[in-house]
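>>> any chance you can model this:
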Amino acid sequence: MKVLIADKFEQSGVDGLKAAGCEVLYQPDLKDDSLVAAIKETSADILVVRSTAVTAPMLESGALSLVVRAGAGYNTIDVATASKRGIYVSNCPGKNAIAVAELAFALLLALDRRIPDNVAELRAGKWNKKEFSKARGLFGRTLGLLGYGNIGQEMARRAHAFGMPLVVWSRRFATGRDRVEAQPIPMRLAASPEDVAAQSDVLSVHLALNGETKGVVGERVFAALKPGSYFINTARAEVVDQGALERAVRERDLRVGLDVFATEPTPPTGQFADVVGSLPGVYGTHHIGASTDQAQEAIAAETVRIVATYKNTGKVPNVVNLAKKTPASHMLVVRHRDRPGVLAHVFDQLRRGNINVQETENVIFEGAQAAVARINLDGAPSDDMLAAMQRGNADILDLHLVTI
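Predicted structure coming up:
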């Protein structure tokens with residue numbers, strides 16, 4: 001398979017892809033029209049990106065069958081177009097969780113001890129021990145977490161080590177996907193983001209960006225925070241109402257640590273102007289949460305695993321755009337001799353009845369003399385059709401229909 005890498009990528013990852021038998025085209029500066037052209041000209045099977053946007057023209061221009069986001073989020077990829085064209089989209093969840101949690105906790109410590117201001121004063125030749133001896137300390141102060149995925153869990157481990165009680169809001173608990181009693185770290189559950197804020201001295205955001213979370217941290221959340229609270233965002237700028245955040249900093253003495261901003265420059269270097277980022281009491285970093293050597297090596301290794309698995313088995317780990325539930329309403333179970341043309345006969349009968357196959361599997365018995373096919377359908381074949389299938393091929397031993 002031919003792999004086009006259109007972003008900076010670890011050499012260990014490039015070497016791993018080659019060792020897996022892939023032809024690797026490493027062109028990290030490609031983007032926009034040049035990437036559209038490269039996908040078309042190279043006929044690449046797989047595209048690997050980090051922050052580079054993957055648009056509909058790119059997905060429509062060549063022979064791509066898989067796009068791998070070498071990172072956790074995939075909001076820069078046109079997943080809807082990929083799904084329409086049958087292109088898998090995969091990511092590397094959790095591989096940068098420790099790196100992001102480390103930065104979030106570093107911002108929290110910096111806020112409490114005003115480390116950037118200490119450094120600035122020392123570099124200016126000023127000694128002000130009296131002023132900078134004022135710090136609240138973190139022990140016993142409550143950390144509120146919005147989101148409890150991989151990064152939120154890493155934050156919880158670090159907060160627990162610092163003696164900080166935890167209060168959490170996460171859909172994984174609200175939907176019953178997880179139970180708080182099963183967690184290794186004690187915590188309280190909150191009913192809403194506002195409820196977390198009301199119980200917290202520090203509020204840290206670890207939510208993926210989607211239609212439900214965009215702007216979820218807004219006026220009501222900031223109003224629920226105590227004056228002088230700390231607020232950390234290392235997730236996405238879009239999950240926070242920037243106007244509400246600005247007002248909270250100005251009017252409620254909120255101290256803020258940010259790794260993400262609404263006005264980030266597109267190139268890796270450039271001029272930066274952000275209203276919130278310029279306010280006193282706001283510390284910022286350059287969207288570097290995932291940027292540690294450890295995290296990048298782990299992401300490169302996961303990317304190699306995804307591509308190698310796809311190449312060798314046809315299956316895609318971590319795929320994000322398969323249907324959670326197909327329109328299938330019935331399953332046709334066909335027990336048959338393992339001979340050529342049996343399933344072709346069944347599918348031809350279904351085609352004539354305008355019944356679509358949603359999913360199918362064919363399980364072979366020991367000795368490869370017989371098999372059972374399970375075929376999910378979007379409708380029910382008539383009794384006459386089932387009888388025609390049975391009569392039309394002597395290698396069909398039995399068939400029956402199941403409603404699903």
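
>>> check the chain for its longest helix and report it.
helix 293-313 (DSSP state H).

>>> in the helix or strand just after that one, what's buried?
Next helix or strand after helix 293-313 toward the C-terminus (DSSP states H and E): strand 330-337. Residues of strand 330-337 classed as buried by neighbour count (16 or more other C-beta atoms under 10 Å): His330, Met331, Leu332, Val334, His336. Yep, even glycine has a C-beta here, placed from its N, CA and C like the rest.

>>> repeat that for stretch 162-173.
Buried residues in stretch 162-173, defined by neighbour count with 16+ other C-beta under 10 Å: Met164, Pro165, Leu166, Val167, Val168, Trp169, Ser170, Phe173.

>>> repeat that for stretch 303-315.
Neighbour-count burial for stretch 303-315, counted by 16+ other C-beta under 10 Å, picks out Thr303, Val304, Ile306, Val307, Ala308, Thr309, Tyr310, Lys311.

>>> can you put those residues in TSV and add pLDDT and distance to Gly71?
Output for the buried residues of stretch 303-315, formatted as TSV (pLDDT from 0 to 100; distance: C-beta to C-beta, whole Å):
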residue	pLDDT	distance to Gly71
Thr303	98	9
Val304	98	14
Ile306	98	12
Val307	98	15
Ala308	97	19
Thr309	97	18
Tyr310	97	18
Lys311	96	21
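
>>> list the contacts of Arg141.
Contacts for Arg141 (C-beta atoms under 8 Å, 6 or more residues apart in numbering) come out as Met164, Pro165, Asp201, Val202.

>>> that one and Pro165, how far apart?
Relative to Pro165, Arg141 is positioned 8 Å away (C-beta to C-beta, to the nearest Å).

>>> could you report the neighbour count for Leu245?
Residues near Leu245, counting by other C-beta atoms under 10 Å, number 26.

>>> so what's Asn118 closest to, chain neighbours aside?
In space, Asn118 comes closest to Phe132 once its chain neighbours are excluded; the distance is 5.3 Å by C-beta to C-beta, 6 or more residues apart in numbering.

>>> for the one you found, give its distance to Ala110.
Using C-beta to C-beta, one gets 12 Å for the distance from Phe132 to Ala110.

>>> which one's more surrounded, those two?
Each of Phe132 and Ala110 has its neighbours counted (other C-beta under 10 Å); Ala110 has more, 18 against 15.

>>> buried residues, whatever helix or strand the more buried one lives in. List them.
Secondary structure assignment for Ala110, by DSSP H and E: helix 97-113. Within helix 97-113, the residues scored as buried using 16+ other C-beta under 10 Å are 97-108, 110-113.

>>> likewise for stretch 180-190?
Met187, Ala190.

>>> also stretch 121-140?
Buried, per 16+ other C-beta under 10 Å, within stretch 121-140: Leu138.

>>> okay, the buried residues of stretch 303-315 in a markdown table with distance to Val256 next?
What follows is those, written out as a markdown table (distance: C-beta to C-beta, whole Å):
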| residue | distance to Val256 |
| --- | --- |
| Thr303 | 33 |
| Val304 | 38 |
| Ile306 | 36 |
| Val307 | 39 |
| Ala308 | 42 |
| Thr309 | 41 |
| Tyr310 | 42 |
| Lys311 | 45 |
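
>>> centre of the chain to the worst-scoring helix or strand of the chain on mean pLDDT, how far?
For the chain, counting by mean pLDDT, DSSP states H and E, helix 171-174 ranks last in confidence among helices and strands (a mean of 76). Relative to the chain's own centre, helix 171-174 is displaced by 17 Å; criterion: C-alpha atoms, centre = their mean, to the nearest Å.

>>> with stretch 354-362 instead?
Worked out by C-alpha atoms, centre = their mean, stretch 354-362 lies 30 Å from the chain centre.

>>> in it, what counts as buried?
So, applying 16+ other C-beta under 10 Å, buried residues of stretch 354-362: Ile355, Val357, Gln358, Thr360.

>>> show the average pLDDT along that stretch.
Throughout stretch 354-362, pLDDT has a mean value of 95.

>>> do the same with stretch 136-151
Stretch 136-151 shows a mean pLDDT of 96.

>>> over to stretch 213-226?
Averaging pLDDT along stretch 213-226 gives 96.

>>> how about it: buried residues?
Result for stretch 213-226 [16+ other C-beta under 10 Å]: buried residues Thr213, Val216, Val217, Gly218, Val221, Phe222, Ala224, Leu225.

>>> swap in stretch 204-212?
Neighbour counts over stretch 204-212 (16+ other C-beta under 10 Å) mark Ser204, Val205, His206, Leu207, Ala208, Leu209 as buried.

>>> render the CA-only coordinates of that stretch in PDB, please.
Output of stretch 204-212 as PDB, limited to C-alpha atoms (Å, rounded to 0.1, in the frame of the first residue of the first chain):
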ATOM      1  CA  SER A 204     -10.400  22.100  33.900                       C
ATOM      2  CA  VAL A 205     -11.900  21.400  30.500                       C
ATOM      3  CA  HIS A 206     -11.300  18.000  28.700                       C
ATOM      4  CA  LEU A 207     -14.200  17.800  26.200                       C
ATOM      5  CA  ALA A 208     -14.000  16.700  22.600                       C
ATOM      6  CA  LEU A 209     -15.400  19.300  20.200                       C
ATOM      7  CA  ASN A 210     -18.600  18.400  18.600                       C
ATOM      8  CA  GLY A 211     -22.100  19.800  18.000                       C
ATOM      9  CA  GLU A 212     -23.100  19.200  21.600                       C
END
